[in-house]
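Asks: Sequence below, structure please.
(chains A and B)
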2 protein chains.
Amino acid sequence: MAKAKKTAAKKSSKSTKAPAGKRRGKGGPATTDRITDLAQTVVAQAGKGTDPFVDIPIRALSNVDFNRKTRYIEMGDKSQRRNFFNFGQAKRFMQTMLVASKCKDNIERNKTSSIRGIFYQAKHSIKGTKEKTFDTQEECDPVLEDLEVALDSLREELHVYASSRGAMIGELTFVDSGDTIDATRLGSGGYAIPSIVEPSVIQFKKCNAKFVLHVEKDTVWRRFVEDRFWEKHKCILTHGNGQPPRGVRRLLHRMHNELKLPVMVLMDNDPWGYYIYSVIKQGSINLAFESGRMAVPDAKFIGVSSFDYERFGLSDDVKIDLDSNDIKRAKQIMEYPWFAGKKEWEKEIRKMAKNGFKMEVEAMASKHLSFVTEEYTPAKLKDKKSWLD
Amino acid sequence: MAKAKKTAAKKSSKSTKAPAGKRRGKGGPATTDRITDLAQTVVAQAGKGTDPFVDIPIRALSNVDFNRKTRYIEMGDKSQRRNFFNFGQAKRFMQTMLVASKCKDNIERNKTSSIRGIFYQAKHSIKGTKEKTFDTQEECDPVLEDLEVALDSLREELHVYASSRGAMIGELTFVDSGDTIDATRLGSGGYAIPSIVEPSVIQFKKCNAKFVLHVEKDTVWRRFVEDRFWEKHKCILTHGNGQPPRGVRRLLHRMHNELKLPVMVLMDNDPWGYYIYSVIKQGSINLAFESGRMAVPDAKFIGVSSFDYERFGLSDDVKIDLDSNDIKRAKQIMEYPWFAGKKEWEKEIRKMAKNGFKMEVEAMASKHLSFVTEEYTPAKLKDKKSWLD
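Replies: Okay, here's the model as predicted:
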């Protein structure tokens, strides 16, 4: 403890956080060290008889910005001080320390946990009272997010996993937890993308792919797998069952940055498809503090575009009427700073409104079942001018 | 056409369906033959100048029963005649033929399609009118179910896939679409269970497993995978992300019947957990016509049981209060014929009501993170008397 106090004493005048976005470099300390630093700072504050505090970057729209240089949504530098001797903050302060200590335990034991597992690990009655440390999961989740930003650690680095969905097949051989997996030999099922895909778990080995094709739905993915699109076009096929979960986004980010693979995105032609694309590309407002390690600013939207109805001579059978919600959502999307001012996107969204209908990837089956893999997508991949950035 | 008429003429006095449950034997005709038979019967009826019809078994609670001999939910023998020359039935009749023909096309081309793909393949404007063959997916889905029961073919045999979720890892080597997959070497991610797992796609090769452990959630599954439970206990681990989709249920059925593996089920201690278990074991009311090829009547419920709170000395931290919905649902479940009269289940459900709380599998983390894999589940597996049937 003496040592802890000493180390921490040197730091006690500093805030416990570095400015957002400028924090950890590649050679930064390991997550456990950062947890220990946080704890020691608090211990030192207490040792000096001052009110212990931690500074937590603010996770709200007011502290989120689209950075035109990095081209993703970033968290700003505003933070909030959380004091222990404050009636309204003491519980949250205690919870933050408690969750941090459970994460440290798990990291040291080389175990990972779901957020539900962290909740149950940290939940207990406070001695001599009927008060519980946590009553609900909803109390625990923001504390974990606090820690992520305060420690500048990905949730995955805190050994916490989210639920997983999404799969992968294609021209990549990788190692997952010591097992070598050749993603060209996974039958029709494919590799279930886990929630934690950090380099400590997954290492890329041999890559014959020229790009990644990410599709919105598992049913569309299955069409591409059955038609062995990945083999003919030398690519990796992924899906995220709708809005892709963290593991899928992080894997796309890693494949793009480490394997230098372009990420091509194929979504439904509706505001939800635009939105999912924008999350893959720029990150989301809620998880702005993770964009730097999740976003793929170079991702391209290859379809389905509002202009494809005419471009591919589709029939009326593919049309689904826009409802008032779609129109409202399309307007909102056009005002996002990362869409606004992009002429091609403005044209695209305006065309959808003018069409009065939306189109699903699966609607291509109205031509013939494999039209999407044999004609539509190859044509879109070739025609760079049709891509949206 | 002449030949078709002749073949069909012999059958025209017969109903186009055999009694439910007594239909296709193992040596029955292939799915395309059955589609052709259906079509030829209709052609023959038309050729004779009579009103074409098909008989469709009724898919409603009124025609569903729990069979105490087979121990699964079965469809009864009631059927409904659908006539072409009937104002209220003509459209549905036409849709049935149309979907059947699209399925036949796909089977012959060795392609599979999502239900959405079938909808788009079958949707078109009827020549000379503005009338569409289908307006919505909701119109198409029951037609596909009609066909499944009328042809006594699994949806998978009609080459139609559902969305997929769920994963597998463990002591099994199998072939999927020509690729040999060793499920002990799939890292942390595992094999994404596809929607179609018929013997034409998946063949079992080498099995070192002594049983299958099926868990409710992917987050729980991940705990078991990380702790390499499958290796220590020589088993196969599966999950279905909640209510398991068709592919997962069918795979459990096949592993149980072909590999002779006991199927052990680990669910949350709540009415929803009981229900999911009952679907795996006895089938569901909605898909009663598929129970024979989906259900695993010998599946065992190993936990979480209402008695485990005391049995394992759990703390109050695992308790989640029952709400009025839980209590209502528990009462309904107790009245299902497949639960009713089973003393142990009555005790179990009554105990839950008496407890006044429910418990999640993940709550075991309040002891310690791997309590569930190192102590709880091994203890439950050993203690056969604690299993619920």
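Asks: how much space between residue A:166 and residue A:237?
Replies: With distances taken as C-beta to C-beta, to the nearest Å, residue A:166 is found 11 Å from residue A:237. Quick note: C-beta positions are derived from backbone N, CA and C, even for glycine.
Asks: give me the beta-bridge partners of the closest residue to residue A:387 other than its chain neighbours?
Replies: By the measure of C-beta to C-beta, 6 or more residues apart in numbering or on different chains, the closest residue to residue A:387 outside its immediate chain neighbours is residue A:300, 4.5 Å from it. In this structure, residue A:300 bridges to residue A:264 when assessed by DSSP bridges.
Asks: Same question for residue A:180.
Replies: Assigned bridge partners for residue A:180, using DSSP bridges, are residue A:175.
Asks: Now do the contacts for it.
Replies: A:173-174, A:205, B:185 (C-beta atoms under 8 Å, 6 or more residues apart in numbering or on different chains).
Asks: Give me the neighbour count for the closest residue to residue A:263 other than its chain neighbours.
Replies: In space, and not counting its chain neighbours, residue A:263 is closest to residue A:299: 4.3 Å by C-beta to C-beta, 6+ apart. Number of residues near residue A:299 (other C-beta atoms under 10 Å in any protein chain shown) recorded here: 22.
Asks: quick one: residue A:299 from residue A:265, how far?
Replies: 6 Å.
Asks: so what's in contact with these two at the same time?
Replies: In contact with both residue A:299 and residue A:265: A:214, A:277, A:280-281, using C-beta under 8 Å, 6+ apart.
Asks: Give me the subset of those residues that lies in strands.
Replies: residue A:214 (DSSP state E).
Asks: Now restrict the shared contacts of residue A:299 and residue A:265 to buried residues only.
Replies: Buried by 16 or more other C-beta atoms under 10 Å in any protein chain shown: A:214, A:277, A:280-281, out of the shared contacts of residue A:299 and residue A:265.
Asks: Restricted to helices, list these.
Replies: A:277, A:280-281 (DSSP state H).
Asks: Dump those residues to CSV, plus distance to residue A:44 and pLDDT.
Replies: Output for those, formatted as CSV (distance: C-beta to C-beta, whole Å; pLDDT from 0 to 100):
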residue, distance to residue A:44, pLDDT
A:277, 47, 97
A:280, 42, 97
A:281, 42, 97
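Asks: hang on, the earlier thing: so the residue nearest to residue A:263 sits against residue A:283, correct?
Replies: No: if you go by C-beta atoms under 8 Å, residue A:299 and residue A:283 don't touch, sitting 11.2 Å apart.
Asks: Tell me the residues of the stretch 201-350 of chain A that contact chain B?
Replies: A:201-202, A:217-219, A:222-223, A:226, A:241, A:315-318 (C-beta under 8 Å from any C-beta of the partner chain).
Asks: how close does the residue of chain A most remote from its centre sit to residue A:139?
Replies: Distance to the chain centre peaks in chain A at residue A:128, reaching 41.4 Å (criterion: C-alpha atoms, centre = their mean). Plainly put, residue A:128 is 21 Å away from residue A:139 if you go by C-beta to C-beta.
Asks: Repeat that for residue A:363.
Replies: 44 Å.
Asks: More neighbours: these two, which one.
Replies: residue A:363 (27 against 16).
Asks: got a list of what that one touches?
Replies: Per C-beta under 8 Å, 6+ apart, neighbours of residue A:363: A:314, A:317-318, A:320, B:120.
Asks: picking up where we left off before, top of the residues of the stretch 201-350 of chain A next to chain B by neighbour count?
Replies: Neighbour tally across those (other C-beta under 10 Å): the maximum, 28 neighbours, falls on residue A:222.
Asks: sorry, back to before: between the shared contacts of residue A:299 and residue A:265, which is nearest chain B?
Replies: Checking the shared contacts of residue A:299 and residue A:265 against chain B with C-beta to the nearest C-beta, the nearest one is residue A:214 at 15.3 Å.
Asks: Please name the bridge partners of that closest one.
Replies: On the basis of DSSP bridges, residue A:214 is bridged to residue A:238, residue A:265.
Asks: thinking again about what came up before, which SS state does the residue farthest from the centre of chain A fall under?
Replies: coil (DSSP: H, G, I helix; E, B strand; the rest coil).
Asks: How much space separates it from residue A:89?
Replies: 22 Å.
Asks: so residue A:203 sits in a strand?
Replies: Yes: counting by three-state DSSP, residue A:203 is found in a strand.
Asks: my read: residue A:61 touches residue A:285, true?
Replies: Yes: Residue A:61 lies in contact with residue A:285 (C-beta under 8 Å); the separation is 6.1 Å.
Asks: the more surrounded of these two?
Replies: Taking neighbours as other C-beta under 10 Å, residue A:61 and residue A:285 compare with residue A:285 leading, 16 against 10.
Asks: ok, the more buried one - contacts?
Replies: By C-beta under 8 Å, 6+ apart, the residues touching residue A:285 are A:61, A:64, A:73.
Asks: Out of those residues, flag the one nearest to chain B.
Replies: Closest to chain B, out of all of the contacts of residue A:285 and judged by C-beta to the nearest C-beta, is residue A:73, at 27.2 Å.
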